[in-house]
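Colleague: what follows is a predicted protein model with its sequence.
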Amino acid sequence: MKIVRIKAGDDIAYGVADTEGVLVYNGSPFVAWEPTETVVPWSSVKLLSPVLPTKVLCVGKNYEDHAAEFDGEVPLEPLIFMKPATSVIGQNDPVVHPRLSSEVHHEAELAVVISRPARNVKAEDASRFIFGYTAANDVTARDLQRRDGQWTRAKGFDTFCPLGPAIETELDPLERLAVICRVNGDVRQAGFTSDMVFGVAEIVEYITAFMTLLPGDVILTGTPSGVGKVEPGDVMEVEVDGIGTLANRVAAP
């Protein structure tokens, strides 16, 4: 099932995507919701970020090839950092290139959406706390990342966390799912979730050992090699098998 969050006219709602449009639901899938009889055609829908997380947790250097392209080693345990909720945008929303940076990079990733409060979750139980999966772009000001020696500013600009286009509830991250990034139609990144150093269940266990995850919170699971610079006017597309394609244009500040 592909769950989307949409704006239709002045109304914002969750719904289920099908070929003709979106079946609108009342409420939120993270609390309580029920289907209506309203189907909004795609021509009348604007896709929003599929979720509004309280926080976004991210895993760094979770693909060996990506760690190697920056002369780094794979960490012995998941390397966790955060992006603020204010960085989240949705399908076709512009990613604003900040004046403070001259080197903004794309990073295609599989994202995990949490279904209910999660604390001290064991890896074997992780699936009970996962609502579904979506595509993400961990946009990064690489020059600021190098300059600061830590990642908060480089990863935390407004618009630096596109999510979407939908949450797929029936995805299996243990399968060999392709994670692809295209810039202006050219493939920049092409990896597989099966190449992640730490799997989704391990990551959920690791994070919830020190932090409570809330319904709708998001975990970005890392990016394969091939990250690179984008400029205003470029169109970034992140495609994940079974989810779809997340597209965002880079905009001048």
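Modeller: Cool, got the structure.
Colleague: and residue 237, what are its bridge partners?
Modeller: residue 182, residue 247 (DSSP bridges).
Colleague: how far away is it from residue 21?
Modeller: Separation of residue 237 from residue 21 (C-beta to C-beta, to the nearest Å): 22 Å. All C-beta atoms are positioned from the backbone trio N, CA, C, and that covers glycine.
Colleague: can you check residue 12 too?
Modeller: 16 Å.
Colleague: between these two, which one's more packed in?
Modeller: The residue with more neighbours, out of residue 12 and residue 21, is residue 21; 18 against 11, by other C-beta atoms under 10 Å.
Colleague: wait, what's in contact with the more buried one?
Modeller: 39, 40, 41, 42, 44, 45 (C-beta atoms under 8 Å, 6 or more residues apart in numbering).
Colleague: over to residue 201?
Modeller: Per C-beta under 8 Å, 6+ apart, neighbours of residue 201: 123, 124, 126, 127.
Colleague: can you do 10 Å?
Modeller: The contact partners of residue 201, by C-beta atoms under 10 Å, 6 or more residues apart in numbering, come to 112, 121, 122, 123, 124, 125, 126, 127, 129, 130, 173, 174.
Colleague: tell me the one of these nearest residue 219?
Modeller: Nearest to residue 219 among the contacts of residue 201, counting by C-beta to C-beta, is residue 112 at 4.2 Å.
Colleague: doesn't the closest one belong to a strand?
Modeller: Yes - counting by DSSP: H, G, I helix; E, B strand; the rest coil, residue 112 is found in a strand.
Colleague: the closest residue to it other than its chain neighbours: neighbouring residues, count only.
Modeller: Among residues not flanking residue 112 along the chain, residue 219 sits closest, at 4.2 Å (C-beta to C-beta, 6 or more residues apart in numbering). Counted with other C-beta under 10 Å, residues neighbouring residue 219 total 27.
Colleague: contacts only, for residue 219.
Modeller: 53, 55-59, 78, 80, 109-114, 130, 133, 136, 200, 203-204, 207, 213.
Colleague: any idea how far it lies from residue 251?
Modeller: 27 Å.
Colleague: to what extent is residue 98 buried, counted in neighbours?
Modeller: Neighbour tally, residue 98, other C-beta under 10 Å: 17.
Colleague: where along this structure do the helices fall?
Modeller: 64-69, 142-148, 152-156, 200-208 (DSSP state H).
Colleague: what is the mean pLDDT for the first one?
Modeller: The one in question is helix 64-69. What helix 64-69 shows for mean pLDDT is 80.
Colleague: counting contacts, what elements does it pack onto?
Modeller: strand 186-192 (3 or more C-beta pairs under 10 Å, 6 or more residues apart in numbering; DSSP states H and E).
Colleague: need the contact partners of the strand it packs on.
Modeller: By C-beta under 10 Å, 6+ apart, strand 186-192 touches 63, 65-66, 105-110, 175-183, 222-230, 236-239, 241.
Colleague: I figured residue 91 hits residue 136, correct?
Modeller: No - assessed by C-beta atoms under 10 Å, residue 91 is found out of contact with residue 136, at 11.9 Å.
Colleague: residue contacts, the residue nearest to residue 23 when sequence neighbours are not counted?
Modeller: Computed as C-beta to C-beta, 6+ apart, the closest residue to residue 23 that is not its neighbour in sequence is residue 16, at 4.7 Å. Taking C-beta under 10 Å, 6+ apart, we find residue 16 in contact with 1-4, 22-25, 29, 35, 39, 166, 169.
Colleague: make TSV out of those and add distance to residue 145 and neighbour count.
Modeller: Converted to TSV, the contacts of residue 16 look like this (distance: C-beta to C-beta, whole Å; neighbours: other C-beta atoms under 10 Å):
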residue	distance to residue 145	neighbour count
1	37	12
2	33	21
3	33	22
4	32	24
22	37	26
23	42	16
24	41	19
25	39	17
29	34	23
35	44	11
39	44	13
166	30	25
169	33	16
